[in-house]
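> sequence plus predicted model, see below.
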Amino acid sequence: MLKMILELISNAIGAVSNWFKWKSSGVAQREAAEGIVQKSEDAAAKRKAEINRACHEGDAQAVNKFLNNCLEIACGLCFMTGCLSSPPTPQYVAADREVRFVTNSTGRAVWEVPPLVMEDLLNAKVELGEIKKEQKIKEITK
């Protein structure tokens, strides 16, 4: 009887030990990272849909809220890619994507940005955030 109890305890400890070995294995860590990435991609798709809706419906409050959160990233990207240090090269711009610097009715100079350009800008910001998350996941699973 005592032998059976000891064997049962030994098997339970072995099962727990094997579970911890599996949990710390590369396979389990990769599965966990894939789950995190999938959740992140789903959240990014939802944010993109919200951005697209805001851009096409003219929801300035939602767009400005999003843009104010990404101002820091946009400035950093401009500096890192060199667009602040080198002159821009002229390129053809389609009429429906033309961004203009205009003076509004109050005399304030502003950028006039078509919805398609705004949508591309905001979607690129979301994708950048997702890339950064993916890099963090890779660092964690190393």
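It's in. Numbering: from 1, shown residues only.

> only C-alpha atoms from now on, for both contacts and neighbour counts.
Noted.

> and the next helix or strand past the lowest-mean-pLDDT helix or strand in the chain?
Using mean pLDDT, DSSP states H and E, the weakest-scoring helix or strand in the chain turns out to be helix 60-81, at a mean of 58. Sequence order places strand 100-103 as the next helix or strand after helix 60-81, per DSSP states H and E.

> which sections of the chain are below the confidence cut-off?
Applying pLDDT under 70 to the chain flags the ranges 60, 64, 67-95.

> ok, now with 80
Within the chain, the ranges that satisfy pLDDT under 80 run 18-30, 54-102, 109-111, 140-142.

> hey, which helix is longest across it?
helix 26-57 (DSSP state H).

> which secondary structure elements does that helix contact?
helix 60-81, helix 115-140 (3 or more CA pairs under 8 Å, 6 or more residues apart in numbering; DSSP states H and E).

> can I get stretch 130-141 in CSV, CA atoms only?
Taking Å, rounded to 0.1, in the frame of the first residue of the first chain, the C-alpha atoms of stretch 130-141 are listed here in CSV:
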residue,chain,number,x,y,z
GLU,A,130,2.6,46.2,-34.7
ILE,A,131,6.2,45.8,-36.0
LYS,A,132,7.6,47.2,-32.7
LYS,A,133,5.4,44.7,-30.7
GLU,A,134,6.6,41.8,-32.9
GLN,A,135,10.2,42.8,-32.2
LYS,A,136,9.5,42.9,-28.5
ILE,A,137,8.0,39.4,-28.7
LYS,A,138,11.1,38.2,-30.5
GLU,A,139,13.3,39.7,-27.9
ILE,A,140,11.3,38.0,-25.1
THR,A,141,11.4,34.6,-26.7
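
> ok, back up a step: now do the buried residues in the longest helix of the chain.
Q29, A33, V37, S40, E41, A44, R47, K48, I51, N52, A54, C55 (16 or more other CA atoms under 10 Å).

> how much space separates the first one from I140?
Distance from Q29 to I140, counting by CA to CA, to the nearest Å: 9 Å.
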